[in-house]
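In: Got a sequence here, can you build the structure:
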Amino acid sequence: MQSFTDPSGGVAERLTGDQIALLLTSLEGLLDEQRHRLERSEELFRALSADASVDGTERQAAHGAAEEALAAIRRTEQAIRAIDDGSYGTCRSCDRPIPFERLEALPATRTCVACPGD
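Out: As a prediction, this is how the structure comes out:
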C-alpha cells in the first residue's frame with residue numbers, strides 16, 4: 001500500500017478495498033437519509049405554500065431545507081461516482097490521499113483537512 005505524508009504532518013495511505021466497501025455502504029445509507037429529508041422538506045414546502053395563513057419566512061425556510069438536502073444528495077452521488085471511477089479518497093485540491101478517518105466522519109468530502117473546500 002502506498003503512503004504519503006499529508007500536509008498536516010501525518011501519513012495518509014491509499015484506501016483498501018475493504019475500506020472503500022465500508023465507505024460505499026455508508027454513502028448509500030447517507031443517500032437514502034438525504035432523499036427522505038428532501039421528500040419531507042418538499043412536502044412541508046408544498047403544505048406551507050398551500051396555506052395562505054403561513055408567512056413567507058416559513059415557506060423560505062422549508063424551501064431552503066429542500067435546497068440543502070438536494071445539494072447534499074448531489075455531493076453524495078458525486079462521491080459514489082468517484083468510487084466507481086477510482087478517484088474517491090483523493091483530495092481534489094492537492095491530489096493526496098484523504099485519510100480514512102476523515103472519510104469515515106465525512107464520507108462525501110472531496111478535500112483533506114489541510115485544504116480548503118468541503
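In: list the buried ones in the lengthiest helix in the chain?
Out: Taking DSSP state H as the criterion, the chain has its longest helix at helix 17-50. For helix 17-50, burial by neighbour count (16 or more other C-beta atoms under 10 Å) applies to 20, 22-24, 26-27, 30-31, 34, 37-38, 41-42, 44-45, 48. Yep, even glycine has a C-beta here, placed from its N, CA and C like the rest.
In: for those residues, which one is nearest residue 93?
Out: Nearest to residue 93 among those: residue 23, at 19.6 Å, using C-beta to C-beta.
In: that older thread, tell me the helices and strands packed up against the longest helix of the chain.
Out: helix 56-85, helix 100-105 (3 or more C-beta pairs under 8 Å, 6 or more residues apart in numbering; DSSP states H and E).
In: can you redo the ones you listed as a markdown table with mean neighbour count, mean pLDDT and distance to residue 111?
Out: As requested, these are exported to a markdown table (neighbours: other C-beta atoms under 10 Å; pLDDT from 0 to 100; distance: least, C-beta to C-beta, whole Å):
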| stretch | mean neighbour count | mean pLDDT | distance to residue 111 |
| --- | --- | --- | --- |
| helix 56-85 | 15 | 94 | 12 |
| helix 100-105 | 15 | 95 | 9 |
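In: Fine by me, we can end here.
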